[in-house]
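> got a predicted model here, sequence first, then my questions.
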Amino acid sequence: GDSVTQMEGPVTLSEEAFLTINCTYTATGYPSLFWYVQYPGEGLQLLLKATKADDKGSNKGFEATYRKETTSFHLEKGSVQVSDSAVYFCALSAPNTGGFKTIFGAGTRLFVKA
Amino acid sequence: GAVVSQHPSWVICKSGTSVKIECRSLDFQATTMFWYRQFPKQSLMLMATSNEGSKATYEQGVEKDKFLINHASLTLSTLTVTSAHPEDSSFYICSASPGTGAFAGIAKNIQYFGAGTRLSVL
């Protein structure tokens, strides 16, 4: 079945460091890919998305490119801030009977130190 | 825009009582709503998918008589945890997907999440 695998955390970085969180997926067909972010005690927020191969999603300095050949959607940010500390979930969305189904990765916790 | 409100944010109840959690889409019509359960430091586990006006579709292993889901309107879905026990203590999160309207044009398979409800059963 469809699945999402993302790198285990926690990831601890100093402010202004470069961030990469790896995400790979398996899916039949052509899923849409997402990154969601969850701040402590809150629900998830959509960070960025890509709906087809070679699309690049970007938001708030974060980027991820839909790579069909490597089935990957790695999240990157050039310079992280303390406020980026959160849990990041990679997800795919694929058609399902009567609608669609979203599969989430296990989440990667990011700590950014001042 | 695309705000989902979930209430209450935190509830403590005695074992054996029932708890109702509401999920509302405030500025769009949600043809589909999802209910998730999240254990500490883990990912979201989909419990059920509900479409307005029809019965919810539960994931394997989720007791439908224990977790009652009602999606009575295009802006409201409720999850009732019946006869709650300490093992039901968890973080419950709802999400909504717009089927029509302004937000549907973005990508109809995007989910907008509520802030979650932390349930503690004593």
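Happy to help now that I have it.

> just give me the neighbour total for residue 73.
No chain in the question, so chain A it is. By the measure other CB atoms under 10 Å in any protein chain shown, the count of residues near A:Phe73 is 29. Glycine gets a C-beta too; all of them are placed from N, C-alpha and C.

> not what I meant, chain B
Counted by other CB under 10 Å, the residues lying close to B:Ser73 total 13.

> next one: A:Leu19
Other residues near A:Leu19 come to 18 when the count uses other CB under 10 Å.

> ditto for the one 3 residues further on
Burial measure for A:Asn22: 16 neighbouring residues, criterion other CB under 10 Å.

> also A:Asp2?
16.

> can you check the pLDDT for it?
Listed pLDDT for A:Asp2 reads 84.

> can you tell me the closest non-neighbouring residue to it?
A:Ala27 (4.5 Å; CB to CB, 6 or more residues apart in numbering or on different chains).

> what sits opposite B:Gln6 in the beta ladder?
With DSSP bridges as the criterion, B:Gln6 is bridged to B:Cys23.

> same question, the one 4 residues further on
According to DSSP bridges, the partner residues bridging B:Trp10 are B:Arg118.

> shouldn't it be in contact with B:Thr117?
Yes: assessed by CB atoms under 8 Å, B:Trp10 is found in contact with B:Thr117 at 7.0 Å.

> looking at these two, which is more packed in?
Higher neighbour count among B:Trp10 and B:Thr117: B:Thr117, with 23 against 11, using other CB under 10 Å.
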